[in-house]
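**Q** sequence first, predicted coordinates after that:
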Amino acid sequence: MDRRKFLSAGGFSLTAAFLAACGLDRSERSQKLLDLAEKKNEGVERTLYRHASMDHAKSSAKLAGMAYPSYFVSKTVPVWDERVRGPWALEVDGLVQRPTRFSLDDLRRLPMRRQRVNHYCVEGWNAIAIWEGVRLSDLARVVGVKPEAGYVDFQSFDDDYHESWDIESAMHPQTLIAYGMDDHMLGVAHGAPARVHSPVKLGYKNTKYLTKVVFLPRRNGGYWSDQGYEWYGGT
């Protein structure tokens with residue numbers, strides 16, 4: 001089921017029943033209704049997705065290539081400057097047994113996955129690219145994620161952009177810490193030196209310009225989630 005069909009099938013979610021609340025004053029009752037709708041909607045998403053399906057871009061579909069959209073929240077494209085910041089590294093900590101800093105070379109020494117998948121934007125467009133990187137689930141095994149970790153926060157140097165995920169989505173076999181795109185090292189327009197990429201989440205959940213991965217016992221927010229976008233953001 002594609003996004004438009006899902007959204008049109010209002011019977012699957014309580015959200016449609018409460019949309020009128022968006023036009024009311026921001027009363028406590030209205031907010032409670034919206035919070036309930038979001039909670040129920042997330043429950044439906046978790047049930048439908050179950051993180052068992054795999055995304056496969058159609059063989060007839062072309063790679064987006066140079067037309068692949070770029071996005072960042074800073075005033076200019078974020079570029080890691082080693083002269084100012086020192087060598088780039090990805091810090092992985094939180095509820096882990098072995099907090100670790102991974103250089104780009106460290107990541108490239110881990111088992112590499114290459115996948116040709118869709119990228120789904122909340123605005124309604126899709127783009128296809130080939131991504132190369134290390135599965136987050138493999139990275140999690142290296143650092144020894146603790147059983148009580150239920151969420152993961154992905155943080156970046158793009159004006160402190162971050163988004164948090166549920167652990168099931170993060171451990172999906174197509175969720176990558178990507179450092180390559182279309183058989184080249186990742187470019188600055190698309191999140192270099194490394195970024196999150198997975199077809200199981202909408203684009204705004206796929207944090208670019210990654211610097212830190214934190215395993216958490218409880219969810220926190222995110223750049224867009226804190227501005228009213230859906231926190232779960234599943235595809």
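**A** Alright, I've got the coordinates. Residues are numbered from 1 along each chain as shown.

**Q** for stretch 162-181, buried residues please.
**A** By neighbour count with 16 or more other Cβ atoms under 10 Å, stretch 162-181 contains the buried residues 162-167, 169-172, 174-181. Any C-beta I mention is one placed from the backbone N, CA and C, and that applies to glycine too.

**Q** average pLDDT across that stretch?
**A** The pLDDT scores in stretch 162-181 average 97.

**Q** equivalent analysis for stretch 188-205, please.
**A** Per-residue pLDDT values over stretch 188-205 give a mean of 97.

**Q** ends of that stretch, how far apart?
**A** 18 Å (Cα to Cα, to the nearest Å).

**Q** tell me the SS of Glu42?
**A** Judged by DSSP: H, G, I helix; E, B strand; the rest coil, the three-state class of Glu42 is helix.

**Q** that one: how many residues sit nearby?
**A** Using other Cβ atoms under 10 Å, Glu42 is surrounded by 17 other residues.

**Q** just the buried positions in stretch 117-125, please.
**A** Within stretch 117-125, the residues that count as buried by 16+ other Cβ under 10 Å are 117, 119-121.

**Q** what ranges does this structure have for its helices?
**A** 3-8, 28-49, 82-85, 104-109, 136-143, 167-170 (DSSP state H).

**Q** who's in contact with the fourth one?
**A** The reference is to helix 104-109. With Cβ atoms under 8 Å, 6 or more residues apart in numbering as the test, helix 104-109 has contacts from 88, 90, 133-134, 177, 179, 193-194.

**Q** what bits of the protein have low per-residue confidence?
**A** For the chain, the stretches with pLDDT under 70 are 1-27, 30-31, 34-35, 38-39, 43, 46-52.

**Q** now do the domain split for it, please.
**A** 3-49, 65-227 (automatic domain parsing).

**Q** and those: which comes nearest Lys58?
**A** Among those, the nearest to Lys58 by Cβ to Cβ is domain 65-227 (8.2 Å).

**Q** and the end-to-end length of that closest one?
**A** 31 Å.

**Q** what's the distance between it and the middle of its chain?
**A** Its chain's average C-alpha position is 7 Å from that of domain 65-227, according to Cα atoms, centre = their mean, to the nearest Å.

**Q** who are the neighbours in contact with the closest residue to Ser74 other than its chain neighbours?
**A** Excluding the flanking residues, the one nearest Ser74 by Cβ to Cβ, 6 or more residues apart in numbering is Asp159, at 4.5 Å. Residues in contact with Asp159 (Cβ under 8 Å, 6+ apart) are 72-74, 78.

**Q** residues in contact with the longest strand along the chain: which ones?
**A** What stands out as the longest strand in the chain, according to DSSP state E, is strand 126-135. Residues outside strand 126-135 that contact it (Cβ under 8 Å, 6+ apart): 57, 61-64, 67-69, 107, 110-121, 173, 175-183, 194, 197.

**Q** which one of the domains of the chain lies nearest to Gly234?
**A** When the domains of the chain are compared by Cβ to Cβ, domain 3-49 sits nearest Gly234, at 4.7 Å.

**Q** now Glu91, nearest residue through space, not along the chain?
**A** Closest residue to Glu91 apart from its sequence neighbours, by Cβ to Cβ, 6+ apart: Lys212 at 4.6 Å.

**Q** quick one: the buried residues of stretch 117-125 as TSV, columns for distance to Lys40 too.
**A** Output for the buried residues of stretch 117-125, formatted as TSV (distance: Cβ to Cβ, whole Å):
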residue	distance to Lys40
Val117	29
His119	27
Tyr120	22
Cys121	25
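
**Q** of those, closest to Leu36?
**A** Distances from Leu36 to those, taken by Cβ to Cβ, are shortest for Tyr120, at 26.1 Å.

**Q** much appreciated, bye for now.
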